[in-house]
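Enquirer: give me a 3D structure for the following:
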Amino acid sequence: MSSSKEHEIPVKVVDRRWWARGEDGGEPAERSTKPTYVEELERQVAEKDRIAQEYIAKYRQAASEFEESRLRLRREISKDIDRVFATFPRLKERATQLAGTMSGGEQQMLAMGRALMARPKVLLLDEPSMGLSPIMVDKIFEVVKQVYDQGVTVLLVEQNASRALQLADRGYVMESGLITMSGDAKVMLSDPKVRAAYLGE
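Expert: Coordinates of the predicted model:
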């Protein structure tokens with residue numbers, strides 16, 4: 001009885017693929033399509049390397065876009081601050097001063113400046129001239145007009161009806177939470193009844 005070794009089919013490695021030979025040592029019978037362990041390992045390494053390179057490229061692009069966006073935002077904020085300082089030169093002089101130690105007029109300017117930093121489409125001002133000196137009142141109403149001229153809608157709640165109506169397009173008179181009169185601001189300003197009842201004339 002012949003040993004099992006006599007019936008084994010010899011093999012040899014060619015370009016990392018296994019070729020089966022016949023017992024007579026003739027031409028290769030059929031090339032194996034199944035990758036070897038080494039080939040499969042190399043394929044996996046290459047695939048992981050490709051994925052890693054794609055991830056790194058995307059990460060670098062995202063980081064670059066984030067940095068560009070951050071710098072652009074800082075430039076925009078710097079422009080907004082310069083614009084507020086141009087509107088309120090006094091704030092630039094007090095740039096390092098705590099808000100709580102400022103005068104009433106300066107604090108009102110600061111509050112308006114903070115609101116303008118947001119580039120609002122609508123700005124609500126509640127009694128901005130209350131408790132301020134005549135010079136500060138003039139400055140506040142000057143700024144309100146500048147803001148309005150820049151295309152910002154201003155809703156102004158103000159007891160100084162005469163100054164408010166001089167700036168406004170429309171006016172509303174409220175008593176006990178109810179609107180008792182409304183109309184074109186210039187018409188209301190020249191109405192004798194309005195002047196007598198609300199403007200102290």
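Enquirer: check what pLDDT V144 gets.
Expert: On pLDDT, V144 comes in at 90.
Enquirer: a helix runs through it, doesn't it?
Expert: Yes: counting by DSSP: H, G, I helix; E, B strand; the rest coil, V144 is located in a helix.
Enquirer: surely it and V137 touch.
Expert: No: using C-beta atoms under 8 Å, V144 is not in contact with V137, being 10.7 Å away. Bear in mind the C-beta positions are built from the backbone N, C-alpha and C, glycine included.
Enquirer: of those two, who's got more company?
Expert: The neighbour count for V144 versus V137, taken as other C-beta atoms under 10 Å, is higher for V144 (23 against 18).
Enquirer: distance of F66 relative to Q53?
Expert: Relative to Q53, F66 is positioned 20 Å away (C-beta to C-beta, to the nearest Å).
Enquirer: try Q166
Expert: According to C-beta to C-beta, Q166 stands 67 Å off from Q53.
Enquirer: then Y172?
Expert: For Y172 relative to Q53 (C-beta to C-beta), the value is 65 Å.
Enquirer: who has more neighbours, the two?
Expert: Neighbour count, other C-beta under 10 Å: between Y172 and Q53, Y172 has more, with 14 against 10.
Enquirer: run a quick neighbour tally on S103.
Expert: 13.
Enquirer: also V173?
Expert: Neighbours of V173 under the rule other C-beta under 10 Å: 16.
Enquirer: and after the helix or strand harbouring it, which helix or strand comes next?
Expert: Using DSSP states H and E, V173 sits in strand 170-175. Using DSSP H and E, the helix or strand that follows strand 170-175 in sequence is strand 178-184.
Enquirer: sheet partners, orientation included, of that following strand?
Expert: According to DSSP bridges, strand 178-184 has the following sheet partners: strand 170-175 (antiparallel).
Enquirer: would you mind pulling the contact partners of the strand it pairs with?
Expert: Applying C-beta atoms under 8 Å, 6 or more residues apart in numbering, the contact partners of strand 170-175 are 161, 164-165, 179-185, 188-189, 194, 198.
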